[in-house]
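Asks: coords below, sequence missing:
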């Protein structure tokens, strides 16, 4: 069953024909390795920071330091958005780019329980070093665990969009 990430508090996409399905959005999130987390920062200014991540069943996990602007912003306001660019191919002769991206909206929390922290670190470790043995991953986790803070963004709303040229390519390949 496909998850429903269409929240009632969010505006519909203006160019609906270019919208990605929830399944396509999740595929983009699973393929991606980095994105930009946007938070409400100091003085009411947006604070957007690029991060490595792993997506798992409606949740996005990040690691960070235990102190700093990001942690302070999350403690002040848990609402956030996260953007992943899947494709951005410049097409100079058309004065455009062939793009595909996903934006998620949700709430970020700082993981506190040791079991959930370890599970989140393990997900990241497997994502970025899939060939490593379990023992090697555990040794690396043990080495850095004391200095890591783990974050979880629970997806409440998700949209994806691609350029009209990619939509047309899909339509041609189906027919």
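Replies: Perfect, thanks for sending it. Keep in mind that this is a model prediction, so the values were computed, not measured. Residues are numbered from 1 along each chain as shown.
Asks: where do the helices sit along the protein?
Replies: 22-31, 69-76, 114-128, 134-144, 164-174 (DSSP state H).
Asks: In the longest one, which residues are buried?
Replies: In terms of neighbour count (16 or more other CB atoms under 10 Å), helix 114-128 has its buried residues at 117, 118, 120, 121, 122, 123, 124, 125, 127. Glycine gets a C-beta too; all of them are placed from N, C-alpha and C.
Asks: Over to the last one?
Replies: Buried positions in helix 164-174, judged by neighbour count with 16+ other CB under 10 Å: 165, 166, 167.
Asks: List the contacts of the second one.
Replies: Translated: residue 166. Residues in contact with residue 166 (CB atoms under 8 Å, 6 or more residues apart in numbering) are 87, 98, 100.
Asks: gap between it and residue 96?
Replies: Relative to residue 96, residue 166 is positioned 11 Å away (CB to CB, to the nearest Å).
Asks: next one: the last one
Replies: Between residue 167 and residue 96 the distance, using CB to CB, works out to 13 Å.
Asks: roughly how far out does stretch 134-154 sit from the chain middle?
Replies: From the chain centre to the centre of stretch 134-154 is a distance of 19 Å (CA atoms, centre = their mean, to the nearest Å).
Asks: swap in stretch 13-32?
Replies: Relative to where its chain is centred, stretch 13-32 has its mean C-alpha point 12 Å off (CA atoms, centre = their mean).
Asks: again with stretch 148-166
Replies: Worked out by CA atoms, centre = their mean, stretch 148-166 lies 5 Å from the chain centre.
Asks: Could I get the buried residue list for it?
Replies: 148-153, 155-163, 165-166.
Asks: Skipping adjacent residues, who's closest to residue 32 in space?
Replies: residue 84 (4.2 Å; CB to CB, 6 or more residues apart in numbering).
Asks: mind checking how far residue 86 is from residue 74?
Replies: Going from residue 86 to residue 74 by CB to CB gives 25 Å.
Asks: Looking at the two, which one has more neighbours?
Replies: For the pair residue 86 and residue 74, the greater number of neighbours falls to residue 74 (22 against 19), based on other CB atoms under 10 Å.
Asks: shouldn't that one be in contact with residue 38?
Replies: No - contact criterion CB atoms under 8 Å: residue 74 and residue 38 do not qualify, at 11.7 Å.
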